[in-house]
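Peer 1: Need the 3D shape of this:
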Amino acid sequence: MTINLLDQNRQAMEAFFAALGEKAFRASQVMKWIYHHGVDDFDAMSNLSKALRDRLKELAEIRLPEVAVDKPSRDGTRKWMLRLADGNSIEMVYIPETDRSTLCVSSQVGCALNCSFCSTARQGYNRNLTTAEIIGQVVLASRLIGLPQNKGERVISNVVLMGMGEPLLNFDAVVKAMELMQDDYAFGISKRRVTVSTAGVVPAIDQLRAAIDVSLAVSLHAPDDALRNELVPINTRFSVGETVNAAWDYARVTKRRVSIEYAMMRGINDQAWRADLLADVLPARGDWGWVHVNLIPLNPTPGSKWTASDPADEREFVRRLEARGIPTTVRDTRGREIDGACGQLAAAAAPRQRGDARGARADAPAHRRVRRRLAHARMIRQPECVARAQQEHRPPFQHHARALWPADHAHAAVEAGRLELVQPLLQVLHALPLSA
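Peer 2: Take a look at the predicted model:
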């Protein structure tokens, strides 16, 4: 079985060549061919011996996602839907500006967190992306935009993991991909220009600051638990207070400012009193400039009940935050005519993707389902969940829904067969450390 070299960070690449009896510097040579020169043909790697090139052709490959849809915008924004080897679809977006060029990449096929205003959430959750599928987006975009070909230029200055999926629920693959983004033999992007965005997987935020030095953005979208429970259901597991505490700790330890992402929705979360509440919540942890608020005019999606805030309400929201000393910006709206909101292009493929995911769960052997349920129960340390998990006659995941979600959500999810509504907490539990 061949391995995709895009799955390997520098350390893994060096180990791969060591296993072939080669010196460690072969890793940096091959990485430069892939990432600096845009070469994926081993025969074209002229500083490798013919014998090594032949071995690489037998043992390895450099496989990128395929472009299924390419949609350029009048403002320079460019959006792609990419087809993966298994037929699933993901999206990436390139956003050029005068002082930077940003690529937004995906980390999962679909998303498990079920945020109520998000287009990707409607697709449900299928699977995590591999490191190769994540970094492959950056490689592919660099080539599509125009590889600098050794001119010392960077066509992509910033990468944000704000596309499809919750990055921190695909922790290991995402960290390896970000290591490649920062590696001088790959893209050499500075630490502060690589940003991972999370809806608030609190234990993984704590793990992130120990694993890699990157910028953090937290998708808050509401300053109070009552509303955030509705907009971002993971809030029923990790509250606003816990999420902001984790963001504060990240900033305190890394000395790197955290961005609070806040999608402005008309009549939902854009009231002036909520700006005041947000201004109370954030500085309570400290006022040394640890946080910046990024207001996002909602990019409407077809069939959604959510709409963008009135510009006057948006301006008042900004005024109130700035009056309290909180740096606030409003994100420029880009790519609306090309379905710029995350998940819109891939939505057409979502019914098949969601069906495949459900089928895979339904066909899983019973003992695997029971083992997963027991592991989940142990992670949250709720004895009643353990007891329920041991009763095999219960429908899969039903006990988790009733134990962990508000009763109305749980019963509706189970009775409608909407397992993707239960999946968010199961995904969160995967991220929690399992104590002895």
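
Peer 1: So what touches the strand or helix carrying Asn229?
Peer 2: Applying DSSP states H and E as the criterion places Asn229 in helix 225-231. Contact partners of helix 225-231, identified using C-beta atoms under 8 Å, 6 or more residues apart in numbering, comprise 115-117, 220-222, 235-236, 239-241, 268-269, 274, 406. Heads up, the C-betas are built off the backbone N, CA and C, glycines and all.

Peer 1: Kindly export the helix or strand following it (C-alpha atoms) in CSV.
Peer 2: As assigned by DSSP H and E, the chain's next helix or strand after helix 225-231 is helix 240-254. What follows is helix 240-254, C-alpha atoms only, in CSV (Å, rounded to 0.1, in the frame of the first residue of the first chain):
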residue,chain,number,x,y,z
VAL,A,240,-20.0,30.8,27.4
GLY,A,241,-18.1,31.2,30.7
GLU,A,242,-16.0,28.0,30.2
THR,A,243,-15.4,28.9,26.5
VAL,A,244,-14.2,32.4,27.2
ASN,A,245,-12.1,31.2,30.1
ALA,A,246,-10.4,28.8,27.8
ALA,A,247,-9.8,31.6,25.3
TRP,A,248,-8.4,33.8,28.0
ASP,A,249,-6.0,31.1,29.2
TYR,A,250,-4.8,30.6,25.7
ALA,A,251,-4.1,34.3,25.3
ARG,A,252,-2.5,34.5,28.8
VAL,A,253,-0.1,31.6,28.1
THR,A,254,0.7,32.2,24.5
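
Peer 1: could you say what helices and strands helix 240-254 packs with?
Peer 2: helix 202-211, strand 215-219, helix 225-231, strand 258-264, helix 272-281, strand 291-297 (3 or more C-beta pairs under 8 Å, 6 or more residues apart in numbering; DSSP states H and E).

Peer 1: 7 Å instead?
Peer 2: Packing partners of helix 240-254 (3 or more C-beta pairs under 7 Å, 6 or more residues apart in numbering; DSSP states H and E): helix 202-211, strand 215-219, strand 258-264.

Peer 1: Which pLDDT value does the model give the residue lying closest to Gly289 once chain neighbours are set aside?
Peer 2: In space, and not counting its chain neighbours, Gly289 is closest to Arg257: 6.6 Å by C-beta to C-beta, 6 or more residues apart in numbering. In this prediction, Arg257 carries a pLDDT score of 95.

Peer 1: do Leu227 as well
Peer 2: pLDDT at Leu227 comes out at 97.

Peer 1: Backbone dihedrals for the residue nearest to the spatial centre of the chain, please?
Peer 2: Nearest to the geometric centre of the chain sits Pro167, at 3.0 Å (C-alpha atoms, centre = their mean). Pro167 has phi and psi values of phi -60, psi -40 when expressed as degrees, to the nearest 10.

Peer 1: Surely it touches Gly200?
Peer 2: No - using C-beta atoms under 7 Å, Pro167 makes no contact with Gly200, being 12.0 Å away.

Peer 1: Give me the domain ranges for this protein.
Peer 2: Here the domain parsing of the chain from automatic domain parsing is 3-61, 66-347, 364-431.

Peer 1: Give me the residue ranges of the stretch 101-250 of the chain where confidence is low.
Peer 2: Along the stretch 101-250 of the chain, the model assigns pLDDT under 70 to residues 147-154.

Peer 1: and the gap between the residue nearest to Gly289 and Val174?
Peer 2: Arg257 is 21 Å from Val174, where distance means C-beta to C-beta, to the nearest Å.

Peer 1: So which of these two has more stuff around it?
Peer 2: Ranked by neighbour count (other C-beta atoms under 10 Å), Arg257 and Val174 place Val174 first, with 28 against 16.

Peer 1: show me the residues around the more buried one that make contact.
Peer 2: Ser107, Ile134, Leu161, Pro167, Val196 (C-beta atoms under 7 Å, 6 or more residues apart in numbering).

Peer 1: Let's see that with 10 Å instead.
Peer 2: Val174 sits next to 105, 107-108, 128-129, 131, 134, 161, 165-168, 196, 204, 208, 211-212, 214 when contact means C-beta atoms under 10 Å, 6 or more residues apart in numbering.

Peer 1: Where does it fall, secondary structure wise?
Peer 2: helix 171-182.

Peer 1: tilt between that helix and helix 202-211?
Peer 2: 40 degrees (axes from the mean of the first three to the mean of the last three C-alpha atoms, to 10 degrees).

Peer 1: So which bits of helix 171-182 are buried?
Peer 2: Neighbour counts over helix 171-182 (16 or more other C-beta atoms under 10 Å) mark Phe171, Ala173, Val174, Val175, Lys176, Ala177, Met178, Glu179, Leu180, Met181, Gln182 as buried.
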